[in-house]
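Colleague: generate coordinates for the sequence data below:
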Amino acid sequence: MRKKRNPQCSMELHYVPHEICSQLSGISQWLDAHPQFNDWIYEDLSSGDKQNTGRNGLSAESVLRAALLKQYLNCDYDYLSFVLMDSMLFRDFCRLEPTSAQSLQFAWVHQPSYCIYMGTD
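Modeller: Down below sits the predicted model:
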């Protein structure tokens, strides 16, 4: 069963005196002010669910934030998986639980549709 949000994860980024931290903090604050994006991603990710069985997936919020981070870093999924395992700042930005970063590489089985990325129907 997928959740929209992971309410137990900190909403504060680990502060690092670097431009990337400042930019991600600004993006994070903007996303927090616009929760409708989480709803859109949740609907898109849940559209093909037939059963509520198996392991819980990443929250819709974490999927959205990881997709934005992937675009921000201009990287592939393997590198994204690595930086999410390696960087506490990036894990905080994606609101991942400490152990969920290791399973991120399996979270892309159902990626958000192209329409979500482009904002079109």
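Colleague: buried stuff in the helix or strand hosting residue 29?
Modeller: Per DSSP states H and E, residue 29 falls inside helix 19-33. For helix 19-33, the neighbour count (16 or more other Cβ atoms under 10 Å) marks 21, 24, 25, 28, 31 as buried. C-beta: built from backbone N, CA, C; applies to glycine.
Colleague: now do stretch 86-102
Modeller: 87, 89, 90, 91, 92, 93, 94, 95, 96, 100, 101.
Colleague: what's the most distant pair in those residues?
Modeller: Within the buried residues of stretch 86-102, 89 and 100 form the most distant pair, 15.7 Å apart (Cβ to Cβ).
Colleague: what's the helix or strand harbouring residue 72 packed up against?
Modeller: Element membership for residue 72, per DSSP H and E: helix 60-73. Helix 60-73 sits against helix 19-33, helix 36-46, helix 77-86, helix 88-93, with contacts defined as 3 or more Cβ pairs under 8 Å, 6 or more residues apart in numbering; DSSP states H and E.
Colleague: columns distance to residue 70 and mean pLDDT on top of those, output as CSV?
Modeller: Shown next, in CSV, are these (distance: least, Cβ to Cβ, whole Å; pLDDT from 0 to 100):
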stretch, distance to residue 70, mean pLDDT
helix 19-33, 13, 92
helix 36-46, 14, 89
helix 77-86, 5, 91
helix 88-93, 10, 90
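Colleague: among these, which is nearest residue 64?
Modeller: Closest approach to residue 64 among these (Cβ to Cβ): helix 36-46, 4.7 Å.
Colleague: run the angle between the closest one and helix 60-73 for me.
Modeller: 100 degrees (axes from the mean of the first three to the mean of the last three Cα atoms, to 10 degrees).
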